[in-house]
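Peer 1: Next comes the sequence, and after it the predicted model I'd like to discuss.
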Amino acid sequence: AKETEMAIGKITPKQFKESIIKHLNSTFGTDINKASKKAWWNATSAALNEFVYDRLSQTQKTHFEKDTRAVHYFSLEFLMGRLTGNNLHNLGLFETAKKALTELDIDINTLVDEEEDMALGNGGLGRLAACFIDSLATMELPAIGYGIHYEHGLFRQEFKDGHQIERPDSWREYGNPFEIRRPESIQDIPVYGYVETKFNDAGKVVKEWHPGRIIKGVPWDVPVVGYSGKTVNVLRLWESRATNFFNWDVFNSGGYHDAHKENVESETISKVLYPNDETDAGKELRLIQQYFFCACSLKDIIRRYKRAHADDWSNFSAQVAVQLNDTHPAIAIPELMRILVDRADMDWDQAWKICRETFSYTNHTLLPEALEKWSVRLFEKVLPRHLEIIYEINRRFLESEVDAKWPGDNAIKSKLSIIEEGHERMVRMGNLSVIGSNKVNGVAEVHSALVKSDLFPEFNALWTDKFTNVTNGVTPRRWLKACNPALSKLIDKTVGDQWPTNQEILRDLDKKADDAKFQKAYMDIKHENKVALTKVIKELTDVDVDPSAIFDIQIKRLHEYKRQHLNLLHIMALYRRLLQNPTMDMVPRVFIFGAKAAPGYKLAKDIIYAINKVADKVNNDERIGGKLKVVFLPNYRVSLAEKMIPAADVSEQISTAGKEASGTGNMKLALNGAITIGTLDGANIEIAEEVGEENVVIFGLTVDEVKALKKQGYNPWDYYYGNEEIKAVLDWFDTDYFTPGKPGELSSIKNSFLDGGDPYLCLADFESYSEGQKEIEAKYKDKKGWARSAILNTAYMGKFNSDRSIQDYVDRIWKLKSCTVK
Ligand SMILES: CCc1ccc([C@H](C)CC(=O)N[C@@H]2O[C@H](CO)[C@@H](O)[C@H](O)[C@H]2O)cc1
């Protein structure tokens, strides 16, 4: 350990260079003169892994020796992005590697661009999981992330004539230096089949599940390097493989394909990530994905527990906490019950007690279409024994706990029941998660309040202290230290370099908020980052933008409730005002978008097309003198966000109030000095509280006003006929102005606002939004005032550090202790 400590801190660029060359030669069998950039990246990663693996085994050894209680973060998504840069920074080796590579005439920034994103997630939920495991390791908390080792992550997005085209992701094509295959920990997972009811010789009913197929689960470990490299935890991702490699009997009887069929089907389980964000597809394979990784993970946890506790289950929930990242892993609850009751022959009540003490559940969305419900029929087919266990959990819950509080009240019972009656009986994974967990939390104060008042009011009445809030956060290591090195260095010089693990230190920057010298240094860095982004924009879209214009950025998944189409309406209104008055005094503005739409989400794809068509027209319209530019960067992902966020002046957080559970992009953009224009939704409310009303621009209806307007009946036509600008802009969609020769190609957008009922109240918020944008313009013109606000946003983002979120989980839910790894 001593030499590693020493080695990490003390290795010289020269020694690191030699290590890179050694790995190039001996690990990758490549000669220095023939090495490709990919080879240099692999060799550099191998050189840094020497330190990672050492700390990894140190950490595991220590946790085992101290038999530490640990949290297990169950998530179907981990949106990790790239790891080379992050791991170098967290090991304190980035500058060393930079110098070593420079001596090899390699620019570290181009080298890290060789790495494919580990895009094993859709958006907020998946990225939050990645930030959380970074914080858990940095805070030296024993933790394991559990998920699926998808062969193909989130699709690659290309634009063809402005339309989104999906291409398969192949992150592992060139191998991945940051994963270790662990064949010694393979698990066998049963699915399908039927349940036999038997009586054991004590006359007790025993349930025997005869599975129709066994799937092999192969774990891949991705080291999670904490900042300062003391603790290296694990992210264990399960790959599905077929058990019997080849069914010779079927083959010999001439059925080659059938012989192989089973294999193919088993392997498809971890083949690809479902690209739906906030919309439940309800596909059989998705349910099997959920069960597969939960069953593998629980078996893995129990194997580790038994090493220290054999068959004494009494300490299980004291040693093991499992966090359910939304309802996607909720099947873990009946799976643990099956293991305890059917396999460990435990009586129901004791087993149920252990379950509830072990599991806790985080809700990330209120959208009805995102709440998972599986048909009883499908459950019967895929997981017959689990269905029985769910029925029993439900029966005991309704008959004891619900009836105790609401005797004979069937209405309440049907509301709280895990089973939704009706022509197609459904299993409500949200209700199961609440019933089977000791704690339920939302991800921002307003969201957690709505989870109690709107989503689970009866459960809240039944178990008030079960519900809590943990406002999201983001890791300042990736989202400031690594992605904005120039600003990091300025901060180091100003308040010292301990802020990556103690972000409250940034608060002291507020003393410099009005300091002209510091303002200049701070805004010069913003400008440099904008210049860098103009190059990326040119490379990806061939559009030239002026780095002195306002960079107004909206980056997130494409969804109606996030209202990228409200942003587009305002852009079209601005464009129209400019056409009517080209000399209009307007600070040049570049509206920058990044967003993927779920492949099956038509209107979302239409909105992407519309933004691209409007962009083409506006960007090539001489009459407006380049005052307005619109840019849609393709294939928005973590590594692109790291290039866009440091260059942002304005952060668009314009969701309909009550719809965005929290948001985390809002935190990253504010941390990097962007001024938020947003609604009082999700964490925007807490950001405004922390940075001060004068350092953000709030507009639009509040949560309660949205509810009131919906209640009284919202008619978007009133705004169409009531606001001439809205009418003109909407009518523009019907013409072929933006789609020459193809009138009406964009009409689906207009229709969604009118006939479609404008469900997310874009027209109702348009005027307030437009006023908000004028306020942004006015603020930007006051250079000193703007610089002050930007600096204060960076200074006051301490609350939104994922370390603070994790500390809240530790204090309120997990009751975990940190463990120093010598
Ligand atoms: C069943 C399909 C599906 C897939 C993913 C999801 C996620 C819960 C969607 C998601 O990513 N939600 C986002 O979670 C972030 C982290 O808490 C929040 O900051 C965002 O507001 C929320 O939209 C729902 C439904």
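Peer 2: Nice, I can see it.
Peer 1: Going by C-alpha atoms from here, please, whenever you check contacts or count neighbours.
Peer 2: Will do.
Peer 1: which residues does residue 175 contact?
Peer 2: Applying C-alpha atoms under 8 Å, 6 or more residues apart in numbering to residue 175 gives no contacts.
Peer 1: So it: helix, strand or coil?
Peer 2: coil (DSSP: H, G, I helix; E, B strand; the rest coil).
Peer 1: Please report the distance of it from the ligand.
Peer 2: 27 Å (C-alpha to the nearest ligand atom, to the nearest Å).
Peer 1: quick one, phi psi at that residue?
Peer 2: The main-chain torsion angles of residue 175 are listed as degrees, to the nearest 10 and equal phi 80, psi 160.
Peer 1: repeat for residue 202
Peer 2: The phi and psi values for residue 202, taken as degrees, to the nearest 10, are phi -80, psi 10.
Peer 1: who are the neighbours in contact with residue 666?
Peer 2: Counting by C-alpha under 8 Å, 6+ apart, residue 666 touches 651-653, 676, 683-684.
Peer 1: which one of these is nearest the ligand?
Peer 2: Top of the list for closeness to the ligand, among the contacts of residue 666 and by C-alpha to the nearest ligand atom, is residue 683 at 8.0 Å.
Peer 1: okay, now the nearest residue to that closest one once chain neighbours are set aside: neighbour count?
Peer 2: Of all residues beyond its chain neighbours, the one nearest residue 683 is residue 662 (4.6 Å), with distances taken as C-alpha to C-alpha, 6 or more residues apart in numbering. The criterion is other C-alpha atoms under 10 Å. On that basis, residue 662 has 28 neighbouring residues.
Peer 1: Residue 662 and residue 469 touch, don't they?
Peer 2: No: under the criterion of C-alpha atoms under 8 Å, residue 662 makes no contact with residue 469, lying 11.2 Å away.
Peer 1: overlap in contacts of the two?
Peer 2: For the pair residue 662 and residue 469, residues contacting each of them under the criterion C-alpha under 8 Å, 6+ apart are 443-444.
Peer 1: Lowest mean pLDDT among the helices and strands of this protein, which one is it?
Peer 2: Each helix and strand of the chain was given a mean pLDDT (mean pLDDT, DSSP states H and E); the minimum falls on helix 2-10 at a mean of 53.
Peer 1: ok, now how distant is the residue of the chain most remote from its centre from the ligand?
Peer 2: Relative to the centre of the chain, and counting by C-alpha atoms, centre = their mean, the farthest-placed residue is residue 201 at 50.5 Å. According to C-alpha to the nearest ligand atom, residue 201 and the ligand sit 44 Å apart.
Peer 1: same check, this time on residue 578
Peer 2: Going from residue 578 to the ligand by C-alpha to the nearest ligand atom gives 34 Å.
Peer 1: before we move on, what about residue 141?
Peer 2: For residue 141, the distance to the ligand equals 21 Å [C-alpha to the nearest ligand atom].
Peer 1: Just to be sure, that residue is in a helix?
Peer 2: No: with the criterion set as three-state DSSP, the secondary structure at residue 141 is coil rather than a helix.
Peer 1: how about the closest residue to it other than its chain neighbours, what does it touch?
Peer 2: Distances taken as C-alpha to C-alpha, 6+ apart put residue 818 closest to residue 141, at 4.4 Å, once the chain neighbours are dropped. By C-alpha under 8 Å, 6+ apart, the contact set of residue 818 is 139-142.
Peer 1: Ok, residue 268 next?
Peer 2: Here residue 268 is in contact with residue 240 (criterion: C-alpha under 8 Å, 6+ apart).
Peer 1: swap in the one 3 residues further on?
Peer 2: Residues near residue 271 by C-alpha under 8 Å, 6+ apart: 150-152.
Peer 1: which one of those residues is nearest the ligand?
Peer 2: Taking C-alpha to the nearest ligand atom as the measure, the ligand lies nearest residue 150 of the contacts of residue 271, at 15.3 Å.
Peer 1: measure that closest one to residue 718 for me?
Peer 2: Counting by C-alpha to C-alpha, to the nearest Å, the separation of residue 150 from residue 718 is 48 Å.
Peer 1: quick one, which of those two is more surrounded?
Peer 2: Neighbours per residue, other C-alpha under 10 Å: of residue 150 and residue 718, the larger number sits with residue 150, 27 against 12.
Peer 1: and the more buried one, what are its phi and psi?
Peer 2: Comment: the main-chain dihedrals of residue 150 come out as phi -60, psi 140, following degrees, to the nearest 10.
Peer 1: Surely it touches residue 267?
Peer 2: No: at 10.4 Å, residue 150 does not count as touching residue 267 under the criterion of C-alpha under 8 Å.
Peer 1: Quickly list what's touching both of those two.
Peer 2: The contact sets of residue 150 and residue 267 overlap at residue 239 (C-alpha under 8 Å, 6+ apart).
Peer 1: Average pLDDT for stretch 352-366, rounded please.
Peer 2: For stretch 352-366, mean pLDDT rounds to 98.
Peer 1: Would you mark the buried spots in it?
Peer 2: Neighbour-count burial for stretch 352-366, with 16 or more other C-alpha atoms under 10 Å as criterion, is recorded at 352, 354-366.
Peer 1: Now render these as TSV, adding secondary structure and distance to residue 241.
Peer 2: TSV is the format used below for the buried residues of stretch 352-366 (DSSP: H, G, I helix; E, B strand; the rest coil; distance: C-alpha to C-alpha, whole Å):
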residue	secondary structure	distance to residue 241
352	helix	32
354	helix	31
355	helix	29
356	helix	32
357	helix	32
358	helix	29
359	strand	28
360	strand	30
361	strand	29
362	strand	30
363	coil	31
364	coil	31
365	coil	33
366	coil	35
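Peer 1: Could you tell me the model confidence score at residue 318?
Peer 2: The model reports residue 318 with a pLDDT of 98.
Peer 1: domain parsing for the protein?
Peer 2: In the domain annotation for the chain, the residue ranges read 1-65+83-116, 66-82+117-472+807-814, 479-714+761-797 (automatic domain parsing).
Peer 1: any chance you could map the helices in the stretch 51-200 of the chain?
Peer 2: The residue ranges that make up the helices of the stretch 51-200 of the chain, judged by DSSP state H, counting those that start in this stretch, are 84-90, 94-102, 108-112, 124-138.
Peer 1: Ramachandran coordinates for the nearest residue to residue 814 once chain neighbours are set aside?
Peer 2: In this structure, residue 814 finds its nearest non-sequential neighbour in residue 321, 6.3 Å apart by C-alpha to C-alpha, 6+ apart. Reported as degrees, to the nearest 10, the phi and psi values for residue 321 are phi -110, psi 140.
Peer 1: Residue 321 contacts residue 70, correct?
Peer 2: Yes: taking C-alpha under 8 Å as the definition, residue 321 is a contact partner of residue 70 at 6.3 Å.
Peer 1: Leaving out the residues flanking it, which one is nearest to the residue of the stretch 451-600 of the chain found nearest the ligand?
Peer 2: For the stretch 451-600 of the chain and the ligand, the shortest gap (C-alpha to the nearest ligand atom) falls at residue 472, measuring 6.3 Å. Ranked by C-alpha to C-alpha, 6+ apart and with sequence neighbours excluded, the top spatial neighbour of residue 472 is residue 443, at 5.4 Å.
Peer 1: Looking at that neighbour now. What's its pLDDT?
Peer 2: According to the predicted model, the pLDDT of residue 443 comes to 98.
Peer 1: any idea how far it is from residue 365?
Peer 2: Here the criterion is C-alpha to C-alpha. By it, residue 443 lies 9 Å from residue 365.
Peer 1: Likewise for residue 436?
Peer 2: On the measure of C-alpha to C-alpha, residue 436 and residue 365 end up 19 Å apart.
Peer 1: re earlier: tell me the pLDDT of the residue farthest from the centre of the chain.
Peer 2: Residue 201 is given a pLDDT of 85.
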